[in-house]
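J.: give me coordinates for this.
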Amino acid sequence: PHHTTPHLPPHALTPSQELHEWDIHTKTLVHKYTQHKQSRFALRSCYGGCNDVFVVSGSEDNYVYIWHRETEVLLEKLEGHTSIVNCVCWHPTNPSRFVSASDDHTLRVWGVDGEESDQDAGEKSDKEPLSNGRGWQETV
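T.: Take a look at the predicted model:
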């Protein structure tokens with residue numbers, strides 16, 4: 001069976017504001033993910049979650065975007081950065097957590113509602129979730 005690339009290269013972003021997933025063996029387009037902003041800079045994207053069911057990407061509009069990998073449906077548009085989000089990386093052992101890096105000189109750790117952060121385990125946060133209500137929020 002043919003497999004898609006495990007990471008989405010920066011050139012997978014096209015001028016049409018779509019993130020493309022290609023099968024490198026058959027050289028065919030597998031999926032398109034839309035609605036994020038990319039025109040001037042290389043943005044790093046990745047797969048994550050249990051069984052890599054999500055695609056997460058930064059954006060030039062200061063948001064982090066999460067899509068369902070197979071259906072291409074945009075699940076989340078996360079706010080919290082004040083400049084371009086140019087890199088995201090899923091936690092290597094926790095499928096419900098990832099980090100985003102921005103030109104605002106910050107890293108943000110994101111997790112699913114109900115997940116306690118490693119630093120704040122056992123503590124309640126007064127912060128409102130920075131998601132659109134579907135479950136992802138900044139955890140640290």
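J.: distance check, residue 66 against residue 37.
T.: 15 Å (Cβ to Cβ, to the nearest Å). Quick note: C-beta positions are derived from backbone N, CA and C, even for glycine.
J.: list the beta-bridge partners for residue 68.
T.: In this entry, residue 68 is beta-bridged to residue 54, by DSSP bridges.
J.: so after the helix or strand of the chain with the lowest mean pLDDT, what's the next helix or strand?
T.: Taking mean pLDDT, DSSP states H and E as the measure, strand 7-8 is the helix or strand of the chain with the lowest mean score, a mean of 52. Going down the chain from strand 7-8, the next helix or strand is strand 19-23, by DSSP states H and E.
J.: can I assume residue 36 sits in a helix?
T.: No: checked against DSSP: H, G, I helix; E, B strand; the rest coil, residue 36 lies outside a helix; its state is coil.
J.: any regions of the protein where pLDDT drops low?
T.: For the chain, applying pLDDT under 70 flags the ranges 1-16, 38-43, 113-140.
J.: could you redo the last one with a cut-off of 50?
T.: 1-6, 10-14, 116-134 (pLDDT under 50).
J.: hey, where'd the strands end up in it?
T.: 7-8, 19-23, 28-33, 45-48, 54-57, 64-68, 74-78, 85-90, 97-102, 107-112, 136-138 (DSSP state E).
J.: redo these as TSV? Include mean neighbour count.
T.: Formatted as TSV, the strands of the chain follow (neighbours: other Cβ atoms under 10 Å):
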stretch	mean neighbour count
strand 7-8	18
strand 19-23	18
strand 28-33	16
strand 45-48	20
strand 54-57	24
strand 64-68	23
strand 74-78	19
strand 85-90	21
strand 97-102	20
strand 107-112	18
strand 136-138	23
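J.: so residue 52 touches residue 69, yeah?
T.: Yes: counting by Cβ atoms under 8 Å, residue 52 does reach residue 69; the two are 6.5 Å apart.
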